[in-house]
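Asker: Here is a sequence with its predicted model. Questions after.
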Amino acid sequence: MVKVTMMGKYGREFYVNPHQIEYIENNPDTTIVMLSGKKLVVQEEYSVVFDRIVEYRRLIGAFKNEE
């Protein structure tokens, strides 16, 4: 799971399953679009979310199947 912070005045942190992400928009806020169609606007920059996804995939060994 990847930790992100919801955009808004409370800045609630939550975790997203990166396997359920369809794509990420950067317009100018970072918007994560899930496979379900739900959109999550987060405080983190796109590059931060991307790096967290890569780190998560390394942690679970996902890249071994992609080499």
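Answerer: Here it is on my side, so go on.
Asker: where in this protein is pLDDT low?
Answerer: For the chain, applying pLDDT under 70 flags the ranges 62-67.
Asker: wait, what's in contact with the residue nearest to the spatial centre of it?
Answerer: The centroid of the chain falls nearest to V49 when counting by Cα atoms, centre = their mean (4.9 Å). Applying Cβ atoms under 8 Å, 6 or more residues apart in numbering, we find V49 in contact with 2, 4, 24, 30, 32, 42. To be clear about C-beta, it is placed using only N, CA and C from the backbone, and glycine gets the same treatment.
Asker: neighbour-wise, which of the residues you listed leads?
Answerer: Within the contacts of V49, most neighbours by other Cβ atoms under 10 Å means V42, with 24 neighbours.
Asker: Next, give phi and psi for the nearest residue to that residue once chain neighbours are set aside.
Answerer: Sequence neighbours aside, V4 is the residue nearest to V42 in space, at 4.3 Å (criterion: Cβ to Cβ, 6 or more residues apart in numbering). Backbone torsions for V4, taken as degrees, to the nearest 10, come to phi -140, psi 170.
Asker: go on, R57?
Answerer: phi -70, psi -30.
Asker: can I assume it is in contact with I21?
Answerer: No. R57 is beyond contact range of I21, at 11.7 Å (criterion: Cβ atoms under 8 Å).
Asker: just the contacts of V49 now: which is nearest G61?
Answerer: V2 (16.0 Å; Cβ to Cβ).
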